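Visitor: Sharing a model that was predicted from the sequence below.
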Amino acid sequence: MSDVPPSRSPAAPAVPPPVDPALLQTAVDIAREAGEVTRRWFRAADLVVDSKADGTPVTAADRAAERLVRERIAERFPGDGVVGEEEAETCGDSGRRWIVDPIDGTKAFTRGVPLYSTLLALEDEHGPAVGVIVLPATEQAVYAGRGLGCWCDGEPARVSETAGLGGAYLMSSSYSHWPDEALLAVKHAGCHLRTWGDGYGYALVATGRADAMVDPAVELYDVAAMPVILAEAGGRFTSLEGLDGAAGGSGVATNGRIHDDLLAAIADG
């Protein structure tokens, strides 16, 4: 008898457990409430726009919406941490962390453009758990929980079936941040270039109304909701370098079918 045990096939990676549907609903409720707060100042004559140290705009609406999110999370999940754009990080001891962008697209908001969004995400010990995109001015919400699918206002959301870059609708928050060569590369590949950007662009990809969304430079709170939303919608989210997750400093969301070709076109441009 051999002393060497028989070889075994490598174990399949453990599948993270689905989140509690009630947790997803709570996240949607909080994000919708925060989005409703922003409407108090949307197109308001008394809106005051300040500049932060980095030169980006901030308003009372940004601050009030994030404060509401933090208060609701503290009430319901006091052990959870919170990271946001407008306030310092709150550390928790539960192993979970919420990430909030009260107004994604503040420049659009200050100009009365209704495509801004309120973003809320949750990470747990398994990774991305919940993602919510609320579009307050259009009264829409796209959201997903790990293992629960992606939804748009209660209806299932799926990415498009577009199979190639030719004819694909490509969104970006601003093409002015793109290297000229990369921009020409996707143009010559046949992409239709649009600027329905920020969280709105990612919502379009998750619901199949657009095929790709690219942001060359982002902060964590800009895209923390996107990995689980795109995954549950059947798509893919990475950085420009192809790294999974929201911490890569850039964001690329696609229907999955054109993802590698898009990354290659941008890299070769």
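Guide: Structure received. Numbers count the residues shown, from 1 in each chain.
Visitor: now the spatially most central residue of the chain, nearest residue through space, not along the chain?
Guide: Taking C-alpha atoms, centre = their mean as the criterion, Met226 is the residue nearest the geometric centre of the chain, at 3.0 Å. For Met226, the nearest residue in space outside its immediate sequence neighbours is Phe237; the separation is 4.8 Å by C-beta to C-beta, 6 or more residues apart in numbering. All C-beta atoms are positioned from the backbone trio N, CA, C, and that covers glycine.
Visitor: Pull the contacting residues for the one you found.
Guide: Val223, Met226, Pro227, Ile229, Leu230, Ala231, Asp244, Ala246, Gly251, Val252, Ala253 (C-beta atoms under 8 Å, 6 or more residues apart in numbering).
Visitor: just the buried members of those residues?
Guide: Members of these that pass the buried threshold by neighbour count (16 or more other C-beta atoms under 10 Å) are listed as Val223, Met226, Pro227, Ile229, Leu230, Ala231, Ala246, Gly251, Val252, Ala253.
Visitor: still on that earlier bit, in helices, which of the contacts of Phe237 fall?
Guide: When helices are assigned by DSSP state H, the members of these inside them are Val223, Met226, Pro227, Ile229, Leu230, Ala231.
Visitor: Please verify my assumption that Pro16 contacts His126.
Guide: Yes - the pair Pro16 and His126 passes the contact test of C-beta atoms under 8 Å, sitting 3.7 Å apart.
Visitor: Which parts of the stretch 101-250 of the chain are helices?
Guide: Secondary structure of the stretch 101-250 of the chain by DSSP state H, counting those that start in this stretch: the helices cover 106-110, 180-188, 198-206, 220-223, 226-232.
Visitor: Quick check: which of the ones you listed is nearest to Glu85?
Guide: With respect to Glu85, and counting by C-beta to C-beta, the nearest of the helices of the stretch 101-250 of the chain is helix 220-223 at 5.0 Å.
Visitor: got the contact list for the closest one?
Guide: Counting by C-beta under 8 Å, 6+ apart, helix 220-223 makes contact with 83-85, 99-101, 104, 119, 198-199, 202, 215, 237, 246-247, 251, all of which sit outside it.
Visitor: How far off centre is that helix?
Guide: The chain centre lies 6 Å from the centre of helix 220-223; the measure is C-alpha atoms, centre = their mean, to the nearest Å.
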